[in-house]
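1. Here is a sequence with its predicted model. Questions after.
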Amino acid sequence: MSQTGVGVEGLPPARPGEGAPRRALAPLRREPAGRGRAWLSRRSVQQNLAGYVFLIPWLVGFFALTLGPMLASFYLSLTDFELFTPPEWLGFDNYVRLFTDDRRYLRALRVTFTYVLLSVPLKLAFALGIALLLNRGLRGLGLYRSVYYLPSLLGGSVAIAIMWRQVFSREGLVNQILALVGIEGPSWISDPSYALSTLVALAVWQFGAPMVIFLAGLKQIPQELYDAAAVDGAGKLSKFARITVPLLTPIIFFNLLMQMIGAYQAFTSAFVVSGGSGGPADATLFYTLYLYEEGFTNFEMGYASAMAWVLLAIIALSSAVAFLSARHWVHYSDV
Amino acid sequence: MAQAAIDPRAEPRTGAVAASGRWGRLGVHALLLLGAAAMLYPLLWLASSSIKPANLIFSDPSLWPRELDLSNYRRGWEGVAIPFGRFFLNSFVVAGGAVVGNLVACSMAAYAFARIDFKFKRLWFALMLGTIMLPAHATLIPQYILFLNFGWVNSFLPLIVPKFLATDSFFIFLMVQFIRAIPKELDEAAAIDGCGPFAVFWRIILPLMTPALVTTAIFTFIWTYEDFLLPLVYLSDMTKYTVPQGLRLFLASTGESAWGPLMAMSLVSLVPVFVIFFVFQRLLIEGISTTGLKG
């Protein structure tokens, strides 16, 4: 799914009130003071009814398209299921096979982890670096921001993946430029040792969206803090290290989480650049690519379901680690 | 902030690390311009390659084509077996349906969560938040089997119907946040005037949440239009292909022989996104800044 994003620091600012209306949540709920405002004043039969009527589409979607399929997927992951024959119970064999008897799977894991570990930090470094440069009150901020943001908007498309294939082909743009300075570039896309790095480069090229979020975060830092620090004789460097960075850590954390979750699920770029194979020599065999191949090319749907659940576990675990580590480096305060 | 006092152009709010003096400022501009050029160069190269004769695409890195060859566009548009116009039509049907679905279903759910008090609301709200980060792959296979049993595979329904069931919960969250910022007194005034929950939704909330609706429409359109995985899974008949599949078909069937037409069609396929970008730039940037939408 392409959408991600939740204001981490501001999940729901306050839970919508439930039960007794004038409880602690009063400031947010602003209950009407008087009586007789029919349905608005308290939870009534009409409110219950209206609530559920408005919620019907979501409830149907939640049970039929999210919760139901998740449970079904777990059941299927415990079976041998090839779509046109009934599932056969296997227990945890699929999971055992993944980790002990499938070298391509282990390869896919390694490729995916490498991709996440390279692309996410690089992307965030560019996003933060350019955001800091842009936050100096330069003229033309809007124009720069748009130009740097544009690739994020286009980057997920097949057209851009095709373009990337061209840019890095043996006679493509990159090698043409290298040739100008007398270097004979390799055949990036078809060389197993370079293919993955071209996909990392494509991800990094799309640093614009986190950059825009960083910029918004930088604008939130109160000027008074810098002024006060200046009065105390703080230099540029110490202002940066003691004000900018700490106050930005919640945004850094948010971007890190979002980009990481997205990177684990990367699919289109690898599919198009490798022609659907994950090649050369499985060098770009992303997790999702292998999952697609097992599920929808080989119709090994039980096995692919097991892969889907392991992916879910990996993403959940990585997020949990991020959240735990956040206690030590993310600075939440109202300064 | 010595500079700020001397240089009237310096904006007061930028504080932290104001560029030191005119030369520092110029240096930063030079750096940013260079970066911007590097970012845009591949796109410009794509544009210039699409109007070059095939033999020049890979021999001449300059952006200005020495010879023009517009036949790439004609040959590309004719496509392999099916003209490209068909793929565009399909993509617009799918993306349009998805936009309508998300607007209707997500706004309904958001109104319920933000404004109505009903039993188990907290539970549903927590579950809704939980699905935001759920990877599509966790439900992909059973959904496929479900839609296969409905006889919907190889139709647009699996790409559109889920949106009418508010499965893009991120947009619900976005709208809930937006509705909470609308003063509740307006609901109350309308209620005193005799509006029920439906009338309040229709006459008060919906008109006031237009910016959130536009943001939702824009991002739904772009993401659906660019999506490759779901059409790849569900659409097997070439006449039903969306634009990304059409491009991929072109790539797979012509191989290295038709780069010119392929580049031309790649560029054409980006035009709707460019148009949205230029028209709604401010909303796009605001949408990302305030909610952390992925671009």
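-> Perfect, thanks for sending it.

2. Figure out how far stretch B:189-209 is from the centre of its chain.
-> 30 Å (C-alpha atoms, centre = their mean, to the nearest Å).

3. how far out from the middle of the chain is stretch A:251-262?
-> 6 Å.

4. Average pLDDT for it, rounded please.
-> Average pLDDT, stretch A:251-262: 94.

5. ok, that stretch near chain B or not?
-> Yes. On the criterion C-beta under 8 Å from any C-beta of the partner chain, stretch A:251-262 is in touch with chain B at A:254, A:255, A:258, A:261, A:262. Using the backbone N, CA and C atoms, a C-beta is placed for each residue, glycine as well.

6. which regions of chain A sit below the pLDDT cut-off?
-> A:1-43, A:333-335 (pLDDT under 70).

7. Could you give the residue of the stretch 151-295 of chain B that lies closest to chain A?
-> Residue of the stretch 151-295 of chain B nearest chain A, by C-beta to the nearest C-beta: residue B:165 (2.8 Å).

8. Secondary structure class of the closest residue to that residue other than its chain neighbours, three-state.
-> Leaving aside its chain neighbours, residue B:165 sits nearest to residue A:61 (2.8 Å; criterion: C-beta to C-beta, 6 or more residues apart in numbering or on different chains). When classified by DSSP: H, G, I helix; E, B strand; the rest coil, residue A:61 comes out as helix.

9. Contact partners for residue 215?
-> Unless you meant another one, I'm taking chain A. Contacts for residue A:215 (C-beta atoms under 8 Å, 6 or more residues apart in numbering or on different chains) come out as A:131, A:134, A:135, A:145, B:289.

10. please go with chain B instead
-> Applying C-beta under 8 Å, 6+ apart, the residues contacting residue B:215 are B:174, B:283, B:284, B:286, B:287, B:293.

11. burial count for residue 145?
-> No chain in the question, so chain A it is. Neighbours of residue A:145 under the rule other C-beta atoms under 10 Å in any protein chain shown: 20.

12. hm, I was asking about chain B
-> Count around residue B:145 with other C-beta under 10 Å applied: 17.

13. Can you spell out which helices and strands pack onto the host helix or strand of it?
-> Using DSSP states H and E, residue B:145 sits within helix B:137-149. Contact here means 3 or more C-beta pairs under 8 Å, 6 or more residues apart in numbering or on different chains; DSSP states H and E; on that basis helix B:137-149 packs against helix A:68-77, helix A:301-329, helix B:157-164, helix B:229-234.

14. all strands of the stretch 1-150 of chain A, in order?
-> Per DSSP state E, counting those that start in this stretch, the stretch 1-150 of chain A carries strands over the ranges A:79-80, A:88-89.

15. In the contacts of residue B:215, find the pair that's most separated.
-> B:174 and B:284 (13.4 Å; C-beta to C-beta).

16. Comparing those two, which residue is more hemmed in?
-> With neighbours defined as other C-beta under 10 Å, residue B:174 and residue B:284 compare such that residue B:174 has more, 28 against 24.

17. Return the residues in contact with that one.
-> B:110, B:212, B:215, B:216, B:291, B:293.

18. Point out where chain B drops to low pLDDT.
-> In chain B (pLDDT under 70), the answer is B:1-20, B:61, B:255-257, B:292-295.

19. Try it again at 90.
-> B:1-27, B:48-72, B:75-76, B:78-82, B:132-133, B:191-194, B:196, B:251-261, B:281-295 (pLDDT under 90).

20. Convert the helix or strand hosting residue B:174 to CSV, retaining C-alpha atoms only.
-> Taking DSSP H and E as the definition, residue B:174 sits inside helix B:169-180. Output of helix B:169-180 as CSV, limited to C-alpha atoms (Å, rounded to 0.1, in the frame of the first residue of the first chain):
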residue,chain,number,x,y,z
SER,B,169,-7.4,4.3,6.7
PHE,B,170,-4.6,6.9,6.5
PHE,B,171,-7.1,9.3,4.9
ILE,B,172,-9.6,8.6,7.7
PHE,B,173,-7.0,9.7,10.2
LEU,B,174,-6.2,12.8,8.1
MET,B,175,-9.8,13.8,8.0
VAL,B,176,-10.4,13.1,11.7
GLN,B,177,-7.6,15.5,12.5
PHE,B,178,-9.1,18.1,10.2
ILE,B,179,-12.7,17.7,11.5
ARG,B,180,-11.5,18.1,15.1
